[in-house]
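K.L.:
whatever this is, show me its structure:
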Amino acid sequence: MESLKITTFQAYIFWENCEKNLQNLALRLSAIREKTDLIVLPEMFNTGFSMNTTELAEEMGGTTMQWMQYQAKKFDCVVTGSLIIREDDNCYNRLIWMRPDGSYEHYDKRHLFSLGDEDKHFSPGEKKLLVDLHGWKINLNICYDLRFPVWLRNDPSDPYDILLVVASWPDKRALHWRTLVPARAIENQSYVIAVNRVGHDGNEVFHSGGSMCIGPNGNVVYYKPNDEDLYTFTISKEEIAKSRRIFPFLKDSDSFKLDI
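P.N.:
All right, here's what the predicted structure looks like:
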């Protein structure tokens, strides 16, 4: 598929209230009027970025995943976002890639945000997840991962097309967000789709959104600060091919292997 239609939802998230969040998200998504290939929700979209794993962690296949499965089937598209999952004796900030047929894959956040004590409540992921959607190769990541370019570095022998980041990124570091997202697109010659939340959380941390899609040359496809926003846009593979053809610097990059 040469083009892909993406719907992002920069949501206000009700603090630690899964039921209210899922109801609000379903209501907001009902405004989608055109066929889309992918719906992207923020990090911990059902609870907010909380360390209250005792009360909020779900099992795989629990309430939120059932909700995601229903929405994916309803809109006949993939739905993705992260939530708190308990597995054995560990909790993970886990991104779910839910397909309309009910099958799914998951990515556990690799880089835990120690400044917010995430590393004290969650276990880190141990592997990357790259998925295929209609012939597009997508690299899935969560929030703090954005700061680690080695982890996100494109492989010139088998490059991804989209770097996708779901986030709960605070306004006080919005300059970093606005700088890092375009940088990751330019250095990897890929689209970057980065979806943040808006509003105050239960710790009085303010989030100003700034969700965006940046093209492989750093061009802005979509950018929305401050307000809750549901938006659908289309991206083209030709844009990637053109960028890599005119300026083929990926092939000159250093080879390395991550020790994980």
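K.L.:
going by C-alpha atoms from here, please, whenever you check contacts or count neighbours.
P.N.:
OK.
K.L.:
please enumerate the strands of the stretch 1-150 of the chain.
P.N.:
3-10, 38-40, 78-87, 90-98, 104-108, 130-133, 136-142 (DSSP state E, counting those that start in this stretch).
K.L.:
for those, which one sits closest to Leu230?
P.N.:
strand 3-10 (4.5 Å; Cα to Cα).
K.L.:
what's the burial count for the residue nearest to Ile214 when sequence neighbours are not counted?
P.N.:
In this structure, Ile214 finds its nearest non-sequential neighbour in Val220, 4.8 Å apart by Cα to Cα, 6 or more residues apart in numbering. The local packing of Val220 (other Cα atoms under 10 Å) involves 14 other residues.
K.L.:
show me what contacts Val220?
P.N.:
Shown in contact with Val220 (Cα atoms under 8 Å, 6 or more residues apart in numbering): Met212, Cys213, Ile214.
K.L.:
hmm, try it at 10 Å
P.N.:
By Cα atoms under 10 Å, 6 or more residues apart in numbering, Val220 lies in contact with Pro182, Tyr191, Val192, Met212, Cys213, Ile214.
K.L.:
try Gln189
P.N.:
154, 159-163, 183, 215-218, 239-241, 243-244, 247-250.
K.L.:
next: Leu129.
P.N.:
By Cα under 10 Å, 6+ apart, the contact set of Leu129 is Leu95, Trp97, Glu105, His106, Tyr107, Asp108, Ile138, Asn139, Leu140, Asn141.
K.L.:
give me the pLDDT for the third one.
P.N.:
The per-residue pLDDT reported for Glu105 equals 98.
K.L.:
from memory it sits against Val131, does it?
P.N.:
Yes. Here Glu105 reaches Val131: they are 8.4 Å apart, a contact under Cα atoms under 10 Å.
K.L.:
of these two, who's got more company?
P.N.:
Val131 (17 against 13).
K.L.:
what pLDDT does the model give Met1?
P.N.:
Predicted confidence (pLDDT) for Met1: 68.
K.L.:
show me what the strand or helix carrying Gly199 is packed up against.
P.N.:
Under the criterion of DSSP states H and E, Gly199 resides in strand 198-200. The helices and strands touching strand 198-200, judged by 3 or more Cα pairs under 10 Å, 6 or more residues apart in numbering; DSSP states H and E, are strand 206-214.
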